[in-house]
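# turn this into a model:
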Amino acid sequence: MPDPEKPVPFDPLTAKRPEPIRTCKPPDEKTSEKVLCDRCGAEVYRMHAVWRCPACGYKTDCCGW
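Prediction:
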């Protein structure tokens, strides 16, 4: 059985930089669905497990419980 090849030592100056797995860009508005307030129709935002409307103050849970 022949001797296994020795691994090449890591050289940070010549090593290939890793490719990013994902980007930090925000989602495209065309693909993201906006959630609208049931009362006034304004766009709501999510805070923990609750959707909150900045326009009228209405809030509802996000899970439908």
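
# which residue ranges form the helices in the chain?
Counting by DSSP state H, the chain forms no helices at all.

# so where is it shaky, pLDDT-wise?
1, 23-32, 64-65 (pLDDT under 70).

# all strands of it, in order?
With DSSP state E as the criterion, the chain has strands at 45-47, 50-52, 59-61.

# save those strands as CSV, and put in mean neighbour count too.
From N, CA and C alone the C-beta is placed, and that goes for glycine too. Below are these laid out as CSV (neighbours: other Cβ atoms under 10 Å):
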stretch, mean neighbour count
strand 45-47, 10
strand 50-52, 15
strand 59-61, 12
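
# switch the ones you listed over to CSV; also include distance to Val35.
What follows is the strands of the chain, written out as CSV (distance: least, Cβ to Cβ, whole Å):
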stretch, distance to Val35
strand 45-47, 8
strand 50-52, 6
strand 59-61, 10
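
# show me the contacts for the residue nearest to Val35 when sequence neighbours are not counted.
Nearest residue to Val35, sequence neighbours excluded (Cβ to Cβ, 6 or more residues apart in numbering): Val44, at 5.2 Å. With contact taken as Cβ atoms under 8 Å, 6 or more residues apart in numbering, Val44 is in contact with 35-37, 51-54, 58.

# now those residues in JSON lines, please, with extra columns for distance to Pro12.
Formatted as JSON lines, the contacts of Val44 follow (distance: Cβ to Cβ, whole Å):
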{"residue": "Val35", "distance to Pro12": "46"}
{"residue": "Leu36", "distance to Pro12": "51"}
{"residue": "Cys37", "distance to Pro12": "52"}
{"residue": "Trp51", "distance to Pro12": "47"}
{"residue": "Arg52", "distance to Pro12": "47"}
{"residue": "Cys53", "distance to Pro12": "51"}
{"residue": "Pro54", "distance to Pro12": "48"}
{"residue": "Tyr58", "distance to Pro12": "54"}
